[in-house]
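1. Predicted structure and sequence below. I'll ask about it afterward.
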Number of protein chains: 2
Amino acid sequence: MGVVTEPQPSRRRATVHDVAREAGVSRGTVSRVLNGGYVSEQARAAIEAAIRTVGYVPNTAARNLVMQRSRAVGFIVHEPHALFLEDPNIGAIMLGANTVLSDADLQMVCLVTDSARDTERVTRYLSGGFVDGVIIVSARAADPITDAVVRLGVPAAFVGHPQTTVPLPWVGIDNFTAARDITRQLAKTGRKRVGMVAAALDRDSGADRLAGFKEALGDTFDPDLVVEIPLYEYTAGLRATQELLERAPDVDGIFAASDAVAAGVLTALRRSGRTVPDDVGVVGFDDSSWAERCFPPLSTVHQPAAGVGERAAQLVVAQLAGQDVPRDGVLLDSPIVWRDSA
Amino acid sequence: MGVVTEPQPSRRRATVHDVAREAGVSRGTVSRVLNGGYVSEQARAAIEAAIRTVGYVPNTAARNLVMQRSRAVGFIVHEPHALFLEDPNIGAIMLGANTVLSDADLQMVCLVTDSARDTERVTRYLSGGFVDGVIIVSARAADPITDAVVRLGVPAAFVGHPQTTVPLPWVGIDNFTAARDITRQLAKTGRKRVGMVAAALDRDSGADRLAGFKEALGDTFDPDLVVEIPLYEYTAGLRATQELLERAPDVDGIFAASDAVAAGVLTALRRSGRTVPDDVGVVGFDDSSWAERCFPPLSTVHQPAAGVGERAAQLVVAQLAGQDVPRDGVLLDSPIVWRDSA
DNA sequence: TTGTATGCGTTATCAC
DNA sequence: GTGATAACGCATACAA
């Protein structure tokens, strides 16, 4: 079944030394054409030719060692795998970050950690100067990675509010206000009994969205109309809605803590024979790419995910350039996108 | 607004030298307790204490340099950003790969390249021994990264068939057979005029799915019933369906090249007043998490994305262990998942 | 303009 | 068991 790899060419990689020998110059001169410096046209030509013939490529480790920097920035996603897949924002955040990092000629290396072993290894990497800076997505309370970053003083930016007492630069959105506003708008469509499927209350995003919901409803808030689930997740959202419907068959509006949850809400509603938005109005949160593909298309809060990634990256790029950055949060706009589900 | 970072602690990181001095031993002994070797209990205790007090962490670059390896494996996604976000499989593949890499105590570093600049930088990294091996997702024809990998002899595994003449290990699914089978099943639901929204014909996956579709239909295949779009994408799928409907209002079955495309098909069908699956049967490809959240839930081909990632990772782990691996493709099962859209 | 020498932080090979 | 010492591949200050 197929050819097999021959036992390693084991052809030693060419070094500066080889190039120098081939070109008949010293290693210093070679290094100079590589990094820019005074060098005669003649020597340059000879060296560039030599580089091609010996197939030279600079060694990252050696360069990092002497330069004391790696020109790489870590993008750390510390999430259980399931959630990583579920969350449509992470990809966009990552791409946004990569855009500005790339412009600064910095290599983004994405490290995803699920197990404790992963975390331990990533922490080791961070400490060892593997990266010059780091962007951390969804750090949790008492996160060992966060601790390491703070302890080592690695230039960093967090996406979402880091749950720590240490002042750290972070970027996110105002979940509270956005949740409050979209709930109000939902209520204004004439709903009398509006409930919520709240999720991820152990994170600031989840907790703030619930708080915003309460704020919007004020006196009319009824704790019986909110059911909580642990993660932003479709299936849990579906189940929660079934429970909500049982508890209060007269709900006519539902705020789902995320679009994925909202999709579950829609399915549950459809199965119960209710129509959206006529019988029940539904709003979500995220404005993921699937929001407009739901049926009916979801009214939701737009998360500027790419923008968040870009901003976070800018924050570490600035620190790498020696600039001071505010060690607190920067909030990006999260406008409401009104479609057909409410 | 907020505190600012103090101008760099600039506290030099502790080295083995510092530890040795603190513990009153030589650097060799320190290295020995770090990497396992004969060392007296007494010395070990002193050194471990010293490590804590000076806050020593090993330097990755230095270690990589002397060890001639990095214990890191690159996961390279070479895609336009839009597609990266659209493709629900990439995340799962990545997580699958990370699982087995993590078990082998290898750090997965994910490099995403969109611009030419990205590509150039990643190529540099690869060449420089930044990683010991590499997993490449969706390499294209004449891909500079693929070229570099082949030229350098870096242990690698491809996800999907690399478009090159060089024999390389890869893992994927049999798009042709899967497409053929699900098309047959769609036809068997009594459809007389079945069309296809074909996508990404410049890749093996897209081309093979179209070929399978043709094969299934045999004599009844009508080229007028297939419309092509460049990428696996919702909006393009929607437009394409509108065109198809105009061209052939009597279609009663549609094979969408992916779930995202299928979502577009569903929307177009709904807008045209047709019901699914009564008027038109629809099938997709991928079995992404949103397939079951469509309305109606999508009949589709299940892609074992996590499995693909795992297998690819195993392939490079094996090579890193000095084992020979077949330099051809390994195909994973991609069963049909029948739901309600056809 | 170019060559030489030194150091970056580790590991590994020796004697001791 | 332990301590010197030589690589590893590169950049750079300094001498030429």
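-> Cool, got the structure.
2. tell me, how many neighbours does the closest residue to residue A:60 other than its chain neighbours end up with?
-> What sits nearest to residue A:60 in space, not counting adjacent residues and going by C-beta to C-beta, 6 or more residues apart in numbering or on different chains, is residue B:128, at 3.3 Å. C-beta: built from backbone N, CA, C; applies to glycine. A count of nearby residues for residue B:128, using other C-beta atoms under 10 Å in any protein chain shown, gives 20.
3. Residue A:108 looks like it's in a helix, true?
-> No. Counting by DSSP: H, G, I helix; E, B strand; the rest coil, residue A:108 is not part of a helix but strand.
4. What residues are bridge-paired with it?
-> Going by DSSP bridges, residue A:108 is paired in beta bridges with residue A:73.
5. can I assume it is in contact with residue B:111?
-> Yes. Between residue A:108 and residue B:111 there is a contact under C-beta atoms under 8 Å: 7.4 Å.
6. in the helix or strand of chain A with the lowest mean pLDDT, what's buried?
-> In chain A, the helix or strand scored least confidently by mean pLDDT, DSSP states H and E is helix A:81-86, which has a mean of 70. In terms of neighbour count (16 or more other C-beta atoms under 10 Å in any protein chain shown), helix A:81-86 has its buried residues at A:81, A:83-86.
7. what helix or strand does the spatially closest residue to residue A:340 that is not a sequence neighbour sit in?
-> For residue A:340, ignoring the flanking residues on the chain, the nearest one in space by C-beta to C-beta, 6+ apart is residue A:296 at 3.9 Å. Secondary structure from DSSP states H and E places residue A:296 outside every helix and strand.
8. swap in residue A:157?
-> Element membership of residue A:157, judged by DSSP H and E, is strand A:156-159.
9. Check which strands are paired with that strand and give the direction for each one.
-> With DSSP bridges as the test, strand A:156-159 pairs up with strand A:133-137 (parallel), strand A:170-173 (parallel).
10. Tell me which of these lies nearest to DNA strand C.
-> strand A:133-137 (18.3 Å; C-beta to the nearest atom of the strand).
11. so what's the nearest residue to residue A:170 once chain neighbours are set aside bridging to?
-> Closest residue to residue A:170 in three dimensions, ignoring its sequence neighbours and counting by C-beta to C-beta, 6+ apart: residue A:158, at 3.8 Å. Residue A:158 has these beta-bridge partners by DSSP bridges: residue A:136, residue A:170.
12. Quick check: residues of the stretch 51-200 of chain A near DNA strand D?
-> For the stretch 51-200 of chain A, the contact set with DNA strand D under C-beta under 7 Å from any atom of the strand comprises A:56-59, A:62-63, A:65-67.
13. filter the residues you listed by proximity to chain B?
-> Subset of those in contact with chain B: A:57-59, A:62-63, A:65, counting by C-beta under 8 Å from any C-beta of the partner chain.
14. Whichever of those end up buried, select them in ChimeraX.
-> To isolate the buried ones among those in ChimeraX, judged by 16+ other C-beta under 10 Å, type:
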select /A:57,58,59,62,63,65
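15. for the record, mean pLDDT for the helix or strand where residue A:149 lies?
-> In this assignment (DSSP H and E), residue A:149 forms part of helix A:144-152. For helix A:144-152, mean pLDDT is 83.
16. And the closest residue to residue A:75 other than its chain neighbours, how close does it get to DNA strand D?
-> Leaving aside its chain neighbours, residue A:75 sits nearest to residue A:110 (4.4 Å; criterion: C-beta to C-beta, 6+ apart). Residue A:110 sits 25 Å away from DNA strand D, going by C-beta to the nearest atom of the strand, to the nearest Å.
17. In contact with residue A:110, which residues?
-> Shown in contact with residue A:110 (C-beta atoms under 8 Å, 6 or more residues apart in numbering or on different chains): A:74-77, A:94, B:75, B:109-112.
18. Show me these that map onto helices.
-> Using DSSP state H, the subset of these located in helices is residue A:94.
19. Which single one of the contacts of residue A:110 is nearest to DNA strand C?
-> Minimum separation from DNA strand C among the contacts of residue A:110 (C-beta to the nearest atom of the strand) is found for residue A:74, which lies at 18.8 Å.
20. closest to DNA strand C among the ones next to chain B among the residues of the stretch 51-200 of chain A next to DNA strand D?
-> Nearest member of those to DNA strand C, counting by C-beta to the nearest atom of the strand, is residue A:65, at 4.2 Å.
21. Please, which helix or strand holds that closest one?
-> helix A:60-67.
22. what angle do that helix and helix B:60-67 make?
-> Angle of helix A:60-67 versus helix B:60-67, following axes from the mean of the first three to the mean of the last three C-alpha atoms, to 10 degrees, is 130 degrees.
23. Please state the offset of helix A:60-67 from the chain centre?
-> Here helix A:60-67 is found 29 Å from its chain centre; the criterion is C-alpha atoms, centre = their mean, to the nearest Å.
24. Could you chop chain A up by domain?
-> Chain A breaks down by automatic domain parsing into domains covering A:16-58, A:72-173+A:306-332, A:175-301.
25. What strand or helix carries the residue most central in space within chain A?
-> Centroid-nearest residue in chain A, with C-alpha atoms, centre = their mean: residue A:90, separated by 3.9 Å. Taking DSSP H and E as the definition, residue A:90 sits inside helix A:88-103.
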